[in-house]
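Enquirer: predicted model and sequence follow; I will ask about them next.
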Amino acid sequence: MKELPSYRHIWKIAYPIILSLLAQNVVNVIDTAFLGRVGEVELGAAAIAIIFYVVLYMLGFGFSIGAQILMARRNGEGNTKEVGNIMDHSLYFMFGMSVFLFVIIKYFSPQMLRPFIASDEIFNASVTYMQYRIYGVFFAFFNVMSRAFYVSITRTRLLAGSAIIMAVVNVVLDYVMIFGHWGFPQMGIAGAAIASAIAEGCSALFFLVYTIRLTDRSKYNLFRFPKPNFGVIKKTLDISVFVMIQYFLSLSAWFIFFIIIEKMGERSLAVSNIIRSLYMVMMMPVWAFSSTTNTLVSNAIGQGKRNLVLPIIRKISYITLFSVVLLLIPMLFIPGWLIRVYTPDITLIADTIPSLYVIFGAMLLFAAGQNMFSGVSGTGNTRDALVIEGITLIIYLVFTWLIAIRWQQPITVVWFCEYIYFALLGIFSFLYLRSKRWQRKVI
């Protein structure tokens, strides 16, 4: 990277990530849409169980982001052999963590969920989902590491293929397992969990075959699986651990957000699950450009081009905001049709539309602030990024509790808390980057 990357170059890296996230979110959309036709209990349980699973998933995702930053730095330095070494050792760590999480959830998820859920029906359905869904964690962690490797070397096209495979498999299996078609038993929420786990396995198989057959493994010294060098793992963890904690806290805060909403009743929880699913779809371009920011910032610093960091973040932020506006404009005119994907209940649709309009506005703040925050992580200053996230989350949850429980406002007003979160995250990140404290970090 000798000069500021063009919009075309940024888009070339980001659009396959957008496609991959689109396909991955089809999984959540279809799960939610199908379960919405089973009943409000299943729809509400899915809201809590999916967020709970994603909290655990984010531990692995956070580690992969730290590894991605480190691999991108070595790739920018031209030290490609070390890229594969980091990847192999990261896979060692991820396998160990997946085994640990599997055991914890398989045997202790009822005790972990019971204190948070008031409704017995929602509790039982949530536990059922987790008991089956956790089998996918092994494949999910391999997938996020594969994605981190290919994003770090800016080869992102295959990400769309892996995610499309996962989405197609999940849609087909959801249809036959949730409702009992083609000779399968009617499994309801358990069928949704099993379908998602199998779909993740198919995606992992695609990554494995592609890497073995179509990637120059010798160039990157990839899949050599040497004797574990705990120094390599520790160096990766030095970057990753703060990202892991950050993502864990962020998703835990969203889990707490839904637990607070669960206290407001099953209807509020059902509305919020629909909003959550649509929210995740709208976030796709922002997350894709955020990942691009991580890689390009780390590559630039690896090449000694620290002066390009802020211009790169600014340029990616412009294209992110433009993409979000293009996505939101048509959605503004068809909110009812969007919600109808999840439920045929006319009253539930009517109750959901006001909250949907609220998050449309929040998305603009998200687009403006997330790249700033990803820029902080991309510099390698993940400890400082964690501090920014932690302060923001505390303020966010305090306001959520006050509005939902203390002041007992309707669900539409509660969703305005998203504005507080995204505004503060962007402001704190911008001030940090302007301070130039990040320039002292060496990884």
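Expert: Structure's in. What do you need? On a predicted model such as this, the values are computed, not experimentally measured, just so you know.
Enquirer: C202 - nearest residue in space that isn't next to it in sequence?
Expert: Spatial nearest neighbour of C202, excluding adjacent residues (C-beta to C-beta, 6 or more residues apart in numbering): V169 at 4.8 Å. The way it works is simple: take the backbone N, C-alpha and C, and place the C-beta from them, glycine included.
Enquirer: which residues touch the one you found?
Expert: Under the criterion of C-beta atoms under 8 Å, 6 or more residues apart in numbering, the contact list for V169 reads 195, 198-199, 202.
Enquirer: what of T154?
Expert: Under the contact definition (C-beta under 8 Å, 6+ apart), the residues listed for T154 are 13, 75, 295, 299.
Enquirer: also G180?
Expert: Counting by C-beta under 8 Å, 6+ apart, G180 touches 186-187.
Enquirer: which of the contacts of T154 fall in helices?
Expert: Among these, the subset assigned to helices under DSSP state H consists of 13, 75, 295, 299.
Enquirer: sorry, back to before: looking at the contacts of V169, spot the one nearest F428.
Expert: Set against F428, the nearest of those by C-beta to C-beta is A199 (36.7 Å).
Enquirer: what about the closest one, distance to G36?
Expert: Separation of A199 from G36 (C-beta to C-beta, to the nearest Å): 19 Å.
Enquirer: count the neighbours of L332 for me.
Expert: Neighbours of L332 under the rule other C-beta atoms under 10 Å: 10.
Enquirer: returning to that earlier point: reformat the contacts of V169 as JSON lines; add secondary structure.
Expert: Written out in JSON lines, the entries for the contacts of V169 read as follows (DSSP: H, G, I helix; E, B strand; the rest coil):
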{"residue": "A195", "secondary structure": "helix"}
{"residue": "I198", "secondary structure": "helix"}
{"residue": "A199", "secondary structure": "helix"}
{"residue": "C202", "secondary structure": "helix"}
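Enquirer: and the two most separated of those residues?
Expert: Put simply, by C-beta to C-beta the two of the contacts of V169 set farthest apart are A195 and C202, 10.7 Å from each other.
Enquirer: please report the distance of the residue of the chain most remote from its centre from S290.
Expert: When each C-alpha in the chain is compared with the mean C-alpha position (C-alpha atoms, centre = their mean), G183 comes out farthest, at 34.2 Å. In this view, G183 and S290 are 43 Å apart by C-beta to C-beta.
Enquirer: ok, T352 next?
Expert: Spatial separation of T352 from S290 under the definition C-beta to C-beta is 27 Å.
Enquirer: what of R8?
Expert: As judged by C-beta to C-beta, R8 and S290 stand 19 Å apart.
Enquirer: of the two, which one has the most company?
Expert: Neighbour tally, R8 and S290, criterion other C-beta under 10 Å: the higher count belongs to S290, 25 against 7.
Enquirer: ok, and the closest non-adjacent residue to that one?
Expert: If you skip the residues right next to it in sequence, S290 has S374 as its closest partner in space, 4.2 Å away by C-beta to C-beta, 6+ apart.
Enquirer: the one you found touches T295, doesn't it?
Expert: No - counting by C-beta atoms under 8 Å, T295 is not a contact partner of S374; they are 9.6 Å apart.
Enquirer: quick check: mean pLDDT of stretch 14-22?
Expert: Confidence for stretch 14-22, expressed as mean pLDDT, is 72.
Enquirer: only the buried residues of the host helix or strand of W254, if you could.
Expert: Taking DSSP states H and E as the definition, one finds W254 inside helix 230-262. Residues 232-233, 235-237, 239-262 are the ones in helix 230-262 that count as buried (16 or more other C-beta atoms under 10 Å).
Enquirer: check stretch 202-213 too.
Expert: Using 16+ other C-beta under 10 Å, the residues of stretch 202-213 that count as buried are 202-204, 206-207, 211.
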